[in-house]
Structures are given as structure tokens and as C-alpha cells.
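[1] Predicted model follows, preceded by the sequence.
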Amino acid sequence: MNVFPTQIEELILRTPHLSPHVQCVLDRQGRLDTLTVRVVRRTEVAADAAAPAGATLAELVKNTIGVSVAVDVLDPDAVERSTGTMRRIVDHRPLATPVDRCCPL
């Protein structure tokens, strides 16, 4: 299933303790792809108050987009930025192996 960062940003905007700065981290466990959403809490919100917002966001993503995600709520400025913009997708999945490729014999 394709999930776009803008879909997740839209749901973050519904969650008052979180800012719309998001990074989607893709990983692979066995043959299963996983998605971790790294989102920044608003500067005026304490870290302990923002933690439940992460669970709320995970539930919104599941109910709206239909994908289970892990959510990490980070401190402001915790997501690396280059020239003011952050890298929105971080893909830690290994490149396809010959077994994963579909090709004629």
C-alpha cells in the first residue's frame, strides 16, 4: 500500500500537541515493511503531555489510512534539517535481493 507523507501531515494537523514536521522511516522486518512516523511536538507543549498524542496519531493513521504505524514523538528541533527543510522519507530497507525480484526464467 502506498502512503504519502502529506496524508500523515493532514492527520497530524488534527492532533493539537503535534507540529506538522514529520519524517517517515521505512524499515523491513523479515518480509514485512514497517513505517515509523517521527513527529515533532509543539514547542509550547511539555514532553509528557505530547506522548499521548503519539498514540492518538497512530490510531488516526490506522483508522483513516488503514496502515499500522509506530509513532515517535520528538522534541522540537530533534529531526535533522538541511537548509531549513527536513528529509521527509528515510528508507532503511535493504535493496531487493534476487529472490525478491520478479523476472522470467
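    Yep, that arrived.
[2] going forward, measure contacts between C-alpha atoms and count neighbours the same way
    Noted.
[3] what bridges to the residue nearest the centre of the chain?
    Taking C-alpha atoms, centre = their mean, the centroid of the chain lies closest to V37, which sits 1.9 Å from it. Under DSSP bridges, the beta-bridge partners of V37 are C24, V71.
[4] Now for it: which residues touch it?
    By C-alpha atoms under 8 Å, 6 or more residues apart in numbering, the residues touching V37 are V22, Q23, C24, V25, V69, A70, V71, D72.
[5] By neighbour count, which of those wins?
    Counting neighbours by other C-alpha atoms under 10 Å, the top entry in the contacts of V37 is V22, with 24 neighbours.
[6] tell me which element the closest residue to that one other than its chain neighbours falls in.
    By the measure of C-alpha to C-alpha, 6 or more residues apart in numbering, the closest residue to V22 outside its immediate chain neighbours is V39, 4.6 Å from it. For V39, the host element (DSSP states H and E) is strand 32-41.
[7] I'd say S68 and L57 touch.
    No. Distance between S68 and L57: 10.6 Å, which falls outside the contact criterion (C-alpha atoms under 8 Å).
[8] May I see the buried residues of the longest helix along the chain?
    Determined from DSSP state H, the single longest helix within the chain is helix 47-64. Buried residues in helix 47-64, counting neighbours by 16 or more other C-alpha atoms under 10 Å, are found at A47, A50, A51, A53, G54, A55, T56, L57, A58, E59, L60, V61.
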